[in-house]
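> Take a look and give me a structure for this.
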Amino acid sequence: DISILLNDLKLKTLVDLRSPTELKDDPTLERKELFKDFVSLVWIERNGPNGRVIEMKPGQPRIKKSVRKRDVVKGVVNGIS
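Predicted structure coming up:
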């Protein structure tokens, strides 16, 4: 329960060690009532040889939804006709 975590236990830090694949499958990942008072720091492995930590902007999704090229092409083709 969110109230117990934030008010009774006075939780200040959450560490989520799930993989990007596991995070994508979580429908509750962006629950504003839970995460609104937290800062999201995300480890990015693909930028540079050692990776880096970035601070997400408020409201910025932690996991970007992938866009398939075929869906983009379909949208363009449908827009022409």
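
> Can you show me the strands along this structure?
41-44, 52-55 (DSSP state E).

> helices or strands up against the first one?
Taking 3 or more Cβ pairs under 8 Å, 6 or more residues apart in numbering; DSSP states H and E as the contact definition, the neighbouring helices and strands of strand 41-44 are strand 52-55. For the C-beta atoms, the positions are set from N, CA and C on the backbone; glycine is no exception.

> pLDDT on the strand it packs on, on average?
Across strand 52-55, pLDDT averages out at 86.

> and it, what does it pack onto?
Short answer (3+ Cβ pairs under 8 Å, 6+ apart): strand 52-55 packs on strand 41-44.

> Show me the shaky parts of the chain.
47-48, 64-68, 72, 81 (pLDDT under 70).

> burial count for E22?
Neighbourhood size, E22 [other Cβ atoms under 10 Å]: 12.

> hang on, isn't L41 packed against E55?
Yes: with contacts counted by Cβ atoms under 8 Å, L41 reaches E55, the gap being 5.7 Å.

> possible to save the strands of the chain as CSV with mean neighbour count?
Putting the strands of the chain into CSV (neighbours: other Cβ atoms under 10 Å) gives the following:
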stretch, mean neighbour count
strand 41-44, 11
strand 52-55, 10
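
> between the ones you listed, which gets nearest to V73?
Nearest to V73 among these is strand 41-44; the distance by Cβ to Cβ comes to 28.4 Å.

> hey, C-alpha coordinates of the closest one in PDB?
Extracted as PDB, the C-alpha positions of strand 41-44 are listed here (Å, rounded to 0.1, in the frame of the first residue of the first chain):
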ATOM      1  CA  LEU A  41      18.100   8.000 -11.900                       C
ATOM      2  CA  VAL A  42      18.600   5.500 -14.700                       C
ATOM      3  CA  TRP A  43      21.800   3.600 -15.700                       C
ATOM      4  CA  ILE A  44      22.400   3.800 -19.500                       C
END
